[in-house]
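Asker: turn this into a model:
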Amino acid sequence: MDLQADLKWIISELKEVKDSYLIEAFKNLLHSKKYSSGTDWWDEKEKKDISAGLKYLEMARSKSLDDVISKYP
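Answerer: Numbering: from 1, shown residues only. I've put the predicted structure just below:
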């Protein structure tokens, strides 16, 4: 198996793909491979968003489910 030749062929084929579903599937495949390789399962943006949410809770800036439902029926 010639890895460089395979990569070259894959890149040349991808340049011709016009199917958005196929491109999305390929992105998902690469994404899942990245997270299954022993790296952390969340990225810095997710950590930042979770941290911000926890700070809102600490500052009592959260809303109950009933408040949200009453505002957006």
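
Asker: can I see the domain layout of the protein?
Answerer: 1-41, 42-73 (automatic domain parsing).

Asker: in TSV, list the ones you listed along with mean pLDDT and mean neighbour count.
Answerer: In this view, the C-beta of every residue, glycine as well, is placed from N, C-alpha and C. Formatted as TSV, the domains of the chain follow (pLDDT from 0 to 100; neighbours: other Cβ atoms under 10 Å):
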stretch	mean pLDDT	mean neighbour count
domain 1-41	80	9
domain 42-73	80	9
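
Asker: which parts of this structure are strands?
Answerer: When assigned using DSSP state E, the chain turns out to have no strands.

Asker: center of it, which residue is that?
Answerer: H31 (7.5 Å; Cα atoms, centre = their mean).

Asker: list the contacts for that residue?
Answerer: By Cβ atoms under 8 Å, 6 or more residues apart in numbering, no residues touch H31.

Asker: quick one: it and I23, what's the gap?
Answerer: H31 sits 12 Å away from I23, going by Cβ to Cβ, to the nearest Å.

Asker: please tell me how far I11 sits from I69.
Answerer: 50 Å.

Asker: S51 now?
Answerer: 27 Å.
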